[in-house]
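Trainee: With the input below, show me the fold.
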Amino acid sequence: MSDQAKDERTSEDMEGTRASGERAEVGGGDHEALERRLKENEELKDRALRVAAEMENLRRRTTRDVHDARTYAVANFALDMLSVSDNLRRALDAIPAEAEASGDAGFKALIEGVDLTERAMLLALERHGVKKLAPEGEKFDPNFHQAMFEVPNPEVPAGTVVQVVQPGYSIGDRVLRPAMVGVAKGGPEAGAGSKVEPGPVNELAEKVLDSE
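Mentor: Here you go, the predicted structure:
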């Protein structure tokens, strides 16, 4: 083989080696770019999942807030109306039996009007989610009842409500006004949780006791 042929062969080998190196470099660059893209995709996917979770939590909170607003919007107004209803009931309870039985048509019409007004008011409140709590015979529950006094009574389990001084009311799952009750003591234990607790403070209850 001539020197010229050797030189040409050497040149071709060098060109092939250079081309192979360049292909290898290009291939390595593509692999790194692919890895970067995959990593970016994972980050975007994670970010999208986080945003979706936050939006779902926001939707749930908004739904709950709207529900609470609809359910409890009338709470303060209902509490004020209960005071009016209490006064109507006191007015009816203050009428002597002999006066009610006197047969006076005008007086009877007045009594019936006050009674109808009280019932209509309570029915209107019930339509707006206000429910009456009259727990006589039930186990005392400090979450819904306010103990005013204890009544010695060995015939019923201790912690049983034996008298309702004033009915309570709830709205939704919240207590609007606790029922003021008398609770039995001296009987057999009703089970765990029958211990009588004072219950929530109620200024109206204090006024009722002071007036007795």
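Trainee: buried ones in stretch 169-188?
Mentor: 169-171, 175-185, 187 (16 or more other CB atoms under 10 Å). C-beta coordinates here come from the backbone N, C-alpha and C atoms, glycine included.
Trainee: what's the neighbour count on A78?
Mentor: Counted with other CB atoms under 10 Å, residues neighbouring A78 total 20.
Trainee: After the one helix or strand it maps to, which helix or strand is next?
Mentor: A78 is located in helix 75-93, with elements delineated by DSSP states H and E. Downstream of helix 75-93, the next assigned helix or strand under DSSP H and E is helix 97-100.
Trainee: what's the distance between that following helix and the middle of its chain?
Mentor: The chain centroid and the centroid of helix 97-100 are separated by 47 Å under CA atoms, centre = their mean, to the nearest Å.
Trainee: by how many degrees do whatever helix or strand comes next after that helix and helix 75-93 diverge?
Mentor: Remark: after helix 97-100, the chain's next helix or strand is helix 105-127, criterion DSSP H and E. If you take axes from the mean of the first three to the mean of the last three CA atoms, to 10 degrees, helix 105-127 sits at 150 degrees to helix 75-93.
Trainee: Tell me the buried residues in helix 105-127?
Mentor: For helix 105-127, by 16+ other CB under 10 Å, it's 111, 114, 118, 122, 125.
Trainee: Would you mind confirming that the third one is in contact with L92?
Mentor: So the one you mean is E118. Yes - between E118 and L92 there is a contact at 7.3 Å, judged by CB atoms under 8 Å.
Trainee: Just the pLDDT for P157.
Mentor: Predicted confidence (pLDDT) for P157: 90.
Trainee: give me the number of residues near it?
Mentor: P157: 15 surrounding residues under other CB under 10 Å.
Trainee: go on, D93?
Mentor: When neighbours are defined as other CB under 10 Å, D93 has 7 of them.
Trainee: Find the residue ranges of this protein scoring beneath the pLDDT cut-off.
Mentor: Low-confidence segments of the chain (pLDDT under 70): 1-29, 189-212.
Trainee: Right, I'll call it a day here.
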